[in-house]
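Trainee: Fold the stuff below for me.
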Amino acid sequence: MIENRNVEVEERHVEKKSDSSLVAATFIKYAAYIIIFFGALYFLVRYVFPMF
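Mentor: This next block holds a predicted model:
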């Protein structure tokens with residue numbers, strides 16, 4: 001005995017949004033962090049360590 005069912009299936013299409021300006025801003029931010037880090041490291045090696 002097969003029963004006929006009326007089932008409505010809701011379809012959802014999820015689109016992954018990639019905002020290139022957000023990606024670029026994040027890259028610039030972390031690149032600035034790295035440049036500042038290496039600049040401080042260079043300062044320590046070049047000027048502070050020779051004093052000891």
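Trainee: ok, residues contacting the host helix or strand of residue 38?
Mentor: Assigned by DSSP states H and E, residue 38 falls within helix 20-43. For helix 20-43, there are no surrounding residues in contact (CB atoms under 8 Å, 6 or more residues apart in numbering). Yep, even glycine has a C-beta here, placed from its N, CA and C like the rest.
Trainee: For that helix, what does the pLDDT average out to?
Mentor: Rounded to a whole number, the mean pLDDT of helix 20-43 is 96.
Trainee: Quick check: buried residues in it?
Mentor: Of the residues in helix 20-43, none count as buried by neighbour count, 16 or more other CB atoms under 10 Å.
Trainee: CA-only coordinates of it in CSV, if you can.
Mentor: Taking C-alpha atoms only, helix 20-43 is exported to CSV below (Å, rounded to 0.1, in the frame of the first residue of the first chain):
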residue,chain,number,x,y,z
SER,A,20,37.9,41.7,-2.9
SER,A,21,38.3,45.1,-1.2
LEU,A,22,37.9,43.4,2.2
VAL,A,23,40.6,40.9,1.3
ALA,A,24,42.9,43.6,0.1
ALA,A,25,42.4,45.7,3.3
THR,A,26,43.2,42.6,5.4
PHE,A,27,46.3,41.9,3.4
ILE,A,28,47.5,45.5,3.8
LYS,A,29,46.9,45.4,7.5
TYR,A,30,48.9,42.2,8.1
ALA,A,31,51.6,43.4,5.7
ALA,A,32,51.9,46.6,7.9
TYR,A,33,52.2,44.4,11.0
ILE,A,34,55.0,42.4,9.5
ILE,A,35,56.9,45.5,8.3
ILE,A,36,56.6,47.1,11.8
PHE,A,37,57.7,43.8,13.4
PHE,A,38,60.8,43.5,11.2
GLY,A,39,61.6,47.2,11.6
ALA,A,40,61.6,46.9,15.4
LEU,A,41,63.7,43.8,15.1
TYR,A,42,66.2,45.6,12.8
PHE,A,43,66.4,48.5,15.3
